[in-house]
Each structure stands twice: as C-alpha cells, then as structure tokens.
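In: only the shape, not the letters, is given here:
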C-alpha cells in the first residue's frame, strides 16, 4: 500500500492540473534554452566534484 504522500502525488498526476503540469514539463524539456541551462548547471556541479556544499 503506497504512503499517503505518494497517493497524493499519484492523485495529482492524474488530475487535469497534474496533466497540464506534465505537458508543460515535457515542452520545457525539449526547449533548447532550457536544456542549455540544465547542461550548464550539471557542468558546474561536476566541476566541484558533485559534492553538495555545507549548509550555512
């Protein structure tokens, strides 16, 4: 049995609003500018060894 949190996520994903968010995410994933920003962030993370910074 899924946890209440996962059930809420699944319910949202099946809702009209959730489908709209998923469609928008897919559109953004195909956008060259968005892909470039993601690639830049990935490169910066890998440049510092992929280690998270200490909380301040």
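Out: The structure has been received and is ready for your questions. Every value quoted in this text rests on a predicted model; they were computed, and no experiment measured them. Numbers count the residues shown, from 1 in each chain.
In: tell me how far the residue nearest to residue 12 when sequence neighbours are not counted lies from residue 45.
Out: Excluding the flanking residues, the one nearest residue 12 by Cβ to Cβ, 6 or more residues apart in numbering is residue 18, at 4.4 Å. To be clear about C-beta, it is placed using only N, CA and C from the backbone, and glycine gets the same treatment. Per Cβ to Cβ, to the nearest Å, residue 18 is found 28 Å from residue 45.
In: quick check: phi and psi on the residue nearest the centre of the chain?
Out: Note on the chain: the residue nearest the mean C-alpha position is residue 25, at 8.2 Å, using Cα atoms, centre = their mean. Backbone torsions for residue 25, taken as degrees, to the nearest 10, come to phi -60, psi -40.
In: ok, it to residue 31 distance?
Out: 11 Å.
In: is residue 13 in contact with residue 22, as I believe?
Out: Yes. Counting by Cβ atoms under 8 Å, residue 13 does reach residue 22; the two are 6.9 Å apart.
In: that older thread, just the pLDDT at the residue nearest to the centre of the chain, thanks.
Out: Looking at residue 25, its pLDDT is 94.
In: let the chain start at 735 from now.
Out: Got it, the first residue is 735 from now on, which makes the last one we talked about residue 759.
In: lowest confidence element among the helices and strands of the chain?
Out: helix 766-781 (a mean of 93; mean pLDDT, DSSP states H and E).
In: now that helix: how far from the chain's centre is it?
Out: Relative to the chain's own centre, helix 766-781 is displaced by 13 Å; criterion: Cα atoms, centre = their mean, to the nearest Å.
In: same thing with stretch 744-757?
Out: Per Cα atoms, centre = their mean, the centroid offset for stretch 744-757 relative to its chain is 14 Å.
In: ends of that stretch, what's the gap?
Out: 16 Å (Cα to Cα, to the nearest Å).
In: buried ones in it?
Out: Residues of stretch 744-757 include none that count as buried (16 or more other Cβ atoms under 10 Å).
In: which outside residues touch that stretch?
Out: residue 736 (Cβ atoms under 8 Å, 6 or more residues apart in numbering).
In: ok, now with 10 Å
Out: Under the criterion Cβ atoms under 10 Å, 6 or more residues apart in numbering, residues 736, 743 lie in contact with stretch 744-757.
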